[in-house]
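**Q** Fold the following, please.
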Amino acid sequence: MNTGIILNEKELREARSRVAALDEALATDESLKRVVEGLPPEVVKQLSATMKAERDDLNDAIDAYDLAKGTGKPTPLERRAESDPGLMLIVARIAKGYTQRDLAWRLGVKEQQVQRYEADRYNSISVKNYARVAALVGVRLSATIEPNPQFRGLDKVIDDVSKEGIRKILKHGRVNGWFSDDMDESQLRQYIAENRIDFGSPTLLRTGLNVQDHSEDVLLHAWRARVVTRAKEIIRKGVPSYDPVNTGWLNQLPKLSVFPDGPRRAQQQLFEAGIVLIAERQIPGLTIDGAAFIEEGVPVIGLTLRKDDTGNFWFSLLHEVGHVVLHRLTGLTSGFFDQFDAASVDEQEAEADAFASNMLIPEERWRKSTARIAKTAQPAEKLAKELGINPAIVFGRIQKERNNYALFSKKIGRNTVRKVLIEQPEESNDAAISSGTKV
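**A** Numbering: from 1, shown residues only. Just a heads-up that it's a prediction; the model follows:
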């Protein structure tokens, strides 16, 4: 089902099934306990609130579809379409009371053709045929010339991109296999322009942590485009559906940190939960640690591994997982782009921080542990063993809370993650993940 909108009977059945599962999970304290078994109390509270919000949103989506189909009143469903040109045609058809077969007969095409149109939200239809469908279902077409850079043509979209920025991206892309050695500046400028048009709204490209507009950050555009390209290759081969009621994998994720190849195991486990994880080096000058967004309906996490140590990796990963789990309906479509050494002023970032901290070291356990104040390594190692996590995670939290990054600096697992997630051949890595191969 398309997140946020229901457009056919199959999606309606899926939505009702998900509501039933959420109702069952939230029915009693005991039923919720079975769903979130083993998770820290603070995380359980967060998940419970998220499940209730998911259920409410699904019920609203069901009501919007039923209203449009049953009474011909499309307003709530139209609002959920958010003026998307393809979705608006489908909403209008539903409100008209036409089936796909009815529309196909009026267009003089086979029903399967309309099914194909709607399956990709009319993205592949010609303007001429779009106009024909629009006329039949009562959608008015209009076009205006806007001063917004996104609508000024490719040459204007990139006229503020510096030569230095282009050179940085070109050099980084060649070294890291983003594109071939024969990619030239003009081709790269066109590539950047096209991606700016796709991803260029200020809402989309902002770091949630310090809430700054990064819509003009060409390095961020290029990095995100690279992550999207790799994610799409995996998505095209098939990714399991993300299920908000399935939380069993969450409790196991931090425990993978004890393995030398834990980051790769985490990547595979996330894939099996319906989330694609891509690790891609940042371009010099780009100060982004991680990102979370939706691509083709699939949650995608991108990590730069700017700080290559075990503790930082697991906190960064769980922070972005927090965005997926907690904010799928309230921000993931726009995306989160995070810089972890900036001061947090955003509520959703604070929620993701709390989620990551509690998933790794539950607050109650942390408060009671002498590792918080210890001057030797033994208490931290003891706590890590009790929790079943890598000691580097505990040492990393000690450093952060005491604001002393020289403390236990040899205990945080430096230079251990890139060689697992980045320095191995990308093709075999992504292929193994998308095929479900255990790595």
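**Q** Give me the below-cutoff pLDDT ranges for this structure.
**A** Residues of the chain meeting the criterion pLDDT under 70: 1-3, 145-161, 196-216, 342-345, 424-439.
**Q** the strands in it, which residues?
**A** Using DSSP state E, the strands assigned to the chain run over residues 206-207, 212-213, 276-279, 290-295, 298-303, 336-338.
**Q** out of the ones you listed, nearest to residue 21?
**A** Of all the strands of the chain, strand 298-303 sits nearest to residue 21, with 18.5 Å by CB to CB. For every residue, glycine as well, the C-beta is placed using N, CA and C.
**Q** circling back: make CSV out of the strands of the chain and add distance to residue 244.
**A** Output for the strands of the chain, formatted as CSV (distance: least, CB to CB, whole Å):
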stretch, distance to residue 244
strand 206-207, 25
strand 212-213, 30
strand 276-279, 17
strand 290-295, 14
strand 298-303, 11
strand 336-338, 18
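**Q** mind checking which of these is nearest residue 241?
**A** Once the strands of the chain are compared by CB to CB, strand 298-303 is nearest, at 8.8 Å.
**Q** That closest one vs strand 290-295, what angle?
**A** Put simply, strand 298-303 runs at 160 degrees to strand 290-295, going by axes from the mean of the first three to the mean of the last three CA atoms, to 10 degrees.
**Q** quick one: contacts for the closest residue to residue 18 other than its chain neighbours?
**A** Closest residue to residue 18 apart from its sequence neighbours, by CB to CB, 6 or more residues apart in numbering: residue 58 at 5.9 Å. Neighbouring residues of residue 58 by CB atoms under 8 Å, 6 or more residues apart in numbering: 15, 18-19, 22.
**Q** go on, residue 78?
**A** Residue 78 neighbours (CB under 8 Å, 6+ apart): 88, 91.
**Q** same thing but at 7 Å, please
**A** Residue 78 is in contact with residue 91, counting by CB atoms under 7 Å, 6 or more residues apart in numbering.
**Q** if we can go back for a sec, any chance of the strands of the chain in JSON lines with mean neighbour count as columns?
**A** Output for the strands of the chain, formatted as JSON lines (neighbours: other CB atoms under 10 Å):
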{"stretch": "strand 206-207", "mean neighbour count": "22"}
{"stretch": "strand 212-213", "mean neighbour count": "14"}
{"stretch": "strand 276-279", "mean neighbour count": "24"}
{"stretch": "strand 290-295", "mean neighbour count": "23"}
{"stretch": "strand 298-303", "mean neighbour count": "25"}
{"stretch": "strand 336-338", "mean neighbour count": "25"}
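**Q** Which one of those lies nearest to residue 54?
**A** Comparing these under CB to CB, the one sitting nearest is strand 298-303, at 13.6 Å.
**Q** partner strands of that closest one, parallel or antiparallel?
**A** Applying DSSP bridges to the sheet, strand 298-303 is found paired with strand 276-279 (parallel), strand 290-295 (antiparallel).
**Q** For that strand, what is the distance to the chain centroid?
**A** Relative to the chain's own centre, strand 298-303 is displaced by 4 Å; criterion: CA atoms, centre = their mean, to the nearest Å.
**Q** Can you tell me what sits against it?
**A** So strand 298-303 is contacted by 227, 231, 235, 239, 242, 274-280, 290-293, 316-317, 320-321, 324, 328, 332 (CB under 7 Å, 6+ apart).
**Q** Now do the contacts for residue 23.
**A** So residue 23 contacts residue 55 (CB under 7 Å, 6+ apart).
**Q** Quick check: it vs residue 11, distance?
**A** 18 Å (CB to CB, to the nearest Å).
**Q** cool, residue 72 as well?
**A** Per CB to CB, residue 72 is found 19 Å from residue 11.
**Q** between the two, who's got more neighbours?
**A** residue 11 (16 against 11; other CB atoms under 10 Å).
**Q** hang on, the earlier thing: which one of the strands paired with strand 298-303 lies closest to residue 95?
**A** Across the strands paired with strand 298-303, residue 95 has its closest neighbour in strand 290-295 (26.3 Å, CB to CB).
**Q** Please save the CA atoms from the closest one in CSV.
**A** Output of strand 290-295 as CSV, limited to C-alpha atoms (Å, rounded to 0.1, in the frame of the first residue of the first chain):
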residue,chain,number,x,y,z
GLY,A,290,23.5,9.9,8.3
ALA,A,291,20.2,10.2,6.5
ALA,A,292,16.8,8.5,6.5
PHE,A,293,14.2,8.9,3.8
ILE,A,294,11.7,7.0,1.6
GLU,A,295,12.5,5.9,-1.9
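**Q** who touches that strand?
**A** 224, 228, 231-232, 235, 299-303, 316, 319-320, 323-324, 332-333, 335-338.
**Q** Could you point out the longest helix of the chain?
**A** When the chain is parsed with DSSP state H, its longest helix is helix 41-71.
**Q** List the buried residues of it.
**A** Using 16 or more other CB atoms under 10 Å as the test for burial, helix 41-71 gives 42-44, 46-48, 50-51, 53-55, 57-58, 61-62, 64-65, 67-69.
**Q** ok, now stretch 130-149?
**A** For stretch 130-149, by 16+ other CB under 10 Å, it's 130, 133-134, 136-137, 139, 149.
**Q** How far off centre is it?
**A** 30 Å.
**Q** same check, this time on stretch 218-232
**A** With CA atoms, centre = their mean, you get 13 Å for stretch 218-232.
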